[in-house]
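Asker: from the sequence below, what's the structure:
(chains A and B)
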Amino acid sequence: KAGVTQTPRYLIKTRGQQVTLSCSPISGHRSVSWYQQTPGQGLQFLFEYFSETQRNKGNFPGRFSGRQFSNSRSEMNVSTLELGDSALYLCASSLAVGVGETQYFGPGTRLLVL
Amino acid sequence: QKEVEQNSGPLSVPEGAIASLNCTYSDRVSQSFFWYRQYSGKSPELIMSIYSNGDKEDGRFTAQLNKASQYVSLLIRDSQPSDSATYLCAVNSGGYQKVTFGTGTKLQVIP
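Answerer: Numbering: from 1, shown residues only, chains lettered A, B, ... in the order given. All right, here's what the predicted structure looks like:
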């Protein structure tokens, strides 16, 4: 089975721009979660989507948004980029049949905001 | 108080020794606990998951969970230089796939 894929792998943007990141989960997985990882803050939960609905949300400003499509693929959007948004953005997928199931991570998208 | 706490390390152990990694969490209703390994520049990969009190063994890895003490640990036996990485403790804090990660413990295995 193919793993979680994320595109693009690397991205350079300037302040004020917006960016869209994509995640394709493992086949059959219906839940996609997004995380931001920075050296100072570690891995922080952004949001989780299941069956095209946002089920959980972390403590991030409204500039961070996402969506999930009927094929479980998910996109994450960050508007009005700030320097502090430079980070590794990871998505993780799971079957999500029950609570707290194992998540499998993609390779990440490294975003640099100049 | 952080929800999931880990000592940032680095924890240095000689090759062949037992490495002991610890994690405490604050939410008493947490049900699912995970250990991930992350090599520099890579994404986290799952090592172990544990849901019940006690020990769970998988090869050289043993996860230990004590819900009364809100404590979960990972033991790595016969540590190898290839085990050198950052180990992340993760806790499901109540909402389906809403998982909180600790900041990780960096492990260095000295040949």
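Asker: number of residues surrounding residue 52?
Answerer: Let's take chain A. Counted by other C-beta atoms under 10 Å in any protein chain shown, the residues lying close to A:Glu52 total 13. The way it works is simple: take the backbone N, C-alpha and C, and place the C-beta from them, glycine included.
Asker: that's the wrong chain, I wanted chain B
Answerer: Using other C-beta under 10 Å, B:Ser52 has 10 neighbouring residues.
Asker: likewise A:Gly108?
Answerer: A:Gly108 has 23 neighbouring residues, counting by other C-beta under 10 Å.
Asker: measure it to B:Pro14 for me?
Answerer: Relative to B:Pro14, A:Gly108 is positioned 32 Å away (C-beta to C-beta, to the nearest Å).
Asker: what's stretch B:71-85 in contact with?
Answerer: For stretch B:71-85, contacts defined as C-beta atoms under 8 Å, 6 or more residues apart in numbering or on different chains pick out B:13-25, B:33, B:35, B:37-40, B:47-48, B:50, B:60-66, B:87, B:89, B:91, B:106-111.
Asker: among these, name the ones in strands.
Answerer: Mapping the contacts of stretch B:71-85 onto strands (DSSP state E) picks out B:13-14, B:19-25, B:33, B:35, B:37-38, B:47-48, B:50, B:61-66, B:87, B:89, B:91, B:106-110.
Asker: restricted to buried residues, select those residues in PyMOL.
Answerer: In PyMOL syntax, the buried subset of these is picked out as below (16 or more other C-beta atoms under 10 Å in any protein chain shown):
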select buried, chain B and resi 13+19+21+22+23+24+25+33+35+37+38+47+48+50+61+62+63+64+65+87+89+91+106+107+109
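Asker: in chain B, which residue sits closest to chain A?
Answerer: Using C-beta to the nearest C-beta, B:Ser32 is the residue of chain B that sits closest to chain A, at 2.9 Å.
Asker: that residue contacts B:Cys89, doesn't it?
Answerer: No: counting by C-beta atoms under 8 Å, B:Ser32 does not reach B:Cys89; the two are 11.8 Å apart.
Asker: next to chain A, which bits of chain B? Give me the list.
Answerer: Neighbours of chain A within chain B, by C-beta under 8 Å from any C-beta of the partner chain: B:31-32, B:34, B:36, B:42-46, B:49, B:51, B:88, B:92, B:95-104.
Asker: in chain B, which helix or strand is least confident?
Answerer: None of the helices or strands of chain B scores lower by mean pLDDT, DSSP states H and E than strand B:99-101, at a mean of 87.
Asker: what lies in contact with that one?
Answerer: Contact with strand B:99-101 is made by A:33, A:35, A:42-45, A:100, A:103, B:3-4, B:25, B:27, B:32, B:34, B:36, B:88-93, as judged by C-beta under 8 Å, 6+ apart.
Asker: now stretch A:65-73
Answerer: A:22-25, A:29-30, A:32, A:34, A:46-47, A:49-54, A:74-79, A:93.
Asker: what sits against the residue most central in space within chain A?
Answerer: Nearest to the geometric centre of chain A sits A:Trp34, at 3.0 Å (C-alpha atoms, centre = their mean). By C-beta under 8 Å, 6+ apart, the contact list for A:Trp34 reads A:23, A:45-48, A:66, A:74, A:76, A:89-92.
Asker: could you say which helix or strand holds it?
Answerer: Using DSSP states H and E, A:Trp34 sits within strand A:31-38.
Asker: buried residues in whatever helix or strand comes next after that strand, which are they?
Answerer: Going down the chain from strand A:31-38, the next helix or strand is strand A:42-50, by DSSP H and E. Residues A:42-50 are the ones in strand A:42-50 that count as buried (16+ other C-beta under 10 Å).
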